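Asks: Following is a predicted model, sequence given first.
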Amino acid sequence: MKRMTGIALVLLALALTAAPAWAADIEGTYDCAGTNPGGGAYTGTVSIIKNGDNYTVTWHIGAQTYLGVGLLQGDTFSVGYADTGKAWFGVVVYRVKDRTLSGDWAMQGNGKNGTETLTRRK
């Protein structure tokens, strides 16, 4: 009886800590809304495409395009990115929840963080 209770507790713990089923399928097009480190809001679109074990991420914010590569681990999606026309880079870390990705981002040399939320299009 103790062994069955132990197994049930392990299975319950795994179920409670598992990422949402759709987290493994984050590929798609998203509406993007964020705030810059110094203030000011921005909007745009983001595409996430699975590429083997990682993801290719493309942001279109105004006239700018940013390219990145991302890794999904559980409910955390981390992306390194760069502006296609400049020599700087950055990182963003999202939490995947309820078909949205929300997180903080930073650019090399800036010293401050921005925020960003991606909402998956239907």
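Replies: The structure has been received and is ready for your questions.
Asks: and whichever strand or helix holds residue 90, how far out from the chain's middle?
Replies: Applying DSSP states H and E as the criterion places residue 90 in strand 89-97. Mean-position distance between strand 89-97 and its chain equals 4 Å (C-alpha atoms, centre = their mean, to the nearest Å).
Asks: Could you do stretch 49-67 as well?
Replies: Relative to the centre of its chain, stretch 49-67 is centred 11 Å away, using C-alpha atoms, centre = their mean.
Asks: What's the end-to-end length of that stretch?
Replies: 12 Å (C-alpha to C-alpha, to the nearest Å).
Asks: now swap in stretch 39-59 and tell me
Replies: Stretch 39-59 end-to-end distance (C-alpha to C-alpha) = 19 Å.
Asks: mind listing what's buried in that stretch?
Replies: 44, 46, 48, 55-59 (16 or more other C-beta atoms under 10 Å). Backbone N, C-alpha and C define where each C-beta goes, glycine included.
Asks: Pick the one among the residues you listed closest to residue 112.
Replies: residue 59 (18.8 Å; C-beta to C-beta).
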